[in-house]
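A.B. asks: here's my sequence, what's the structure:
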Amino acid sequence: MDDFVYWKYSKDVVFSTKSAYAMLLRNPDYSAGLLNNALPLTGILQQHGIPVDTTCVLCLGNHESVEHLFRDCPLVREVWVTAPLIASLQVRRDITFSAWFVEIVLDLRRNKSWETLEWVSRSLAAEDFKSAIRSLGMASTALRHHVSSSCLLQGSSDSNVDICLVFDGAYTLHDHTAGAGWIFRSSDSDIVLGGGCRAFTSSSTFQSELQTCLWALKAADRRGFRRLLIYTDCSTLLTFLTNKRCQDISCLWLLQDIKVILTRFLFCEVRKVPRQWVAPAHWLASQARQRRMLLWSC
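C.D. replies: As a prediction, the model looks like this:
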């Protein structure tokens, strides 16, 4: 007898999307993480003693919890009421998130709304949900309203720029090794005028970004630059530099040191840029994190 593939979760042993999501929702293991606060969200990780920045990665304005990420975030609210596939669902805030989620899943199964149920089921994975929110057109429009692409920290907007400072940090969770990398680039071309890197240890990705920013600013100060345009791929840094309070004491002290050294410059603007824009600085940071270069500057 020849071997054959069969799907044991349907009566006709043939795979279908409908039967797959019905199986997922019948299996409590898949929903337990969501309903029991066991997803790897930053707010939950911090409760277990892991030093992470708990700011929501979507709106950058609130603590990332299950309720906030899946229901109460301003970007997510817009999706719930405007996305054609799920706009008919009633978003209730008069009951707990767990009760509300179970309610809409049962209603969708009862009404055999399999396509909508498929989308909601995917939200059991937090990272998939974030990706889904970002991928929707109206969410990307909302992102442009909620996320600042730049912030002016010192001086006036009509000032000329001496140099473009590009920096990035690299961090490994399992051994807390970290590296800092930065380059000085001409403000009107891609010519690199110098840079540096440094190996160190850190307690979080955000702390490594802050430490790198501080060392890069000190290097710019030593070289006599007074008007800086700074490129970073860390949007959280912009949020905290604009007077948002940080709860991590190690990051708080670094933020204070950064704000002090910023007063030494006549002009300083920070811009959030795509990751590929900071690739040269990231390469230096990675070399330092891997201990191929411990300390270098030019």
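
A.B. asks: now the helices for this protein?
C.D. replies: Assigned helices in the chain, in chain order: 17-26, 28-35, 42-47, 66-67, 74-82, 97-110, 114-122, 126-135, 137-146, 205-222, 235-241, 249-262, 279-289 (criterion: DSSP state H).

A.B. asks: weakest of those helices in terms of mean pLDDT?
C.D. replies: Among the helices of the chain, helix 137-146 has the lowest mean pLDDT, at a mean of 42.

A.B. asks: quick check: the gap between residue 215 and residue 101.
C.D. replies: Relative to residue 101, residue 215 is positioned 45 Å away (Cβ to Cβ, to the nearest Å). Yep, even glycine has a C-beta here, placed from its N, CA and C like the rest.

A.B. asks: what's the neighbour count on the residue lying closest to residue 53 once chain neighbours are set aside?
C.D. replies: Nearest non-adjacent residue to residue 53, counting by Cβ to Cβ, 6 or more residues apart in numbering: residue 206, 4.3 Å away. For residue 206, the neighbour count with other Cβ atoms under 10 Å is 24.

A.B. asks: residue 206 contacts residue 46, doesn't it?
C.D. replies: No - Residue 206 lies out of contact with residue 46 (Cβ atoms under 8 Å); the separation is 11.9 Å.

A.B. asks: which ones are touching residue 100?
C.D. replies: The neighbourhood of residue 100, defined by Cβ atoms under 8 Å, 6 or more residues apart in numbering, consists of 71, 91, 92, 93.

A.B. asks: what separation do you get for residue 276 and residue 283?
C.D. replies: 12 Å.

A.B. asks: what about these two, which has more around it?
C.D. replies: Using other Cβ under 10 Å as the criterion, residue 276 and residue 283 rank with residue 283 on top: 16 against 8.

A.B. asks: wait, the more buried one touches residue 179, no?
C.D. replies: No - in this structure residue 283 lies outside contact range of residue 179 using Cβ under 8 Å: 10.0 Å.

A.B. asks: ok, now which ones touch residue 296?
C.D. replies: By Cβ under 8 Å, 6+ apart, the neighbours of residue 296 are 196, 197, 198, 284, 288.
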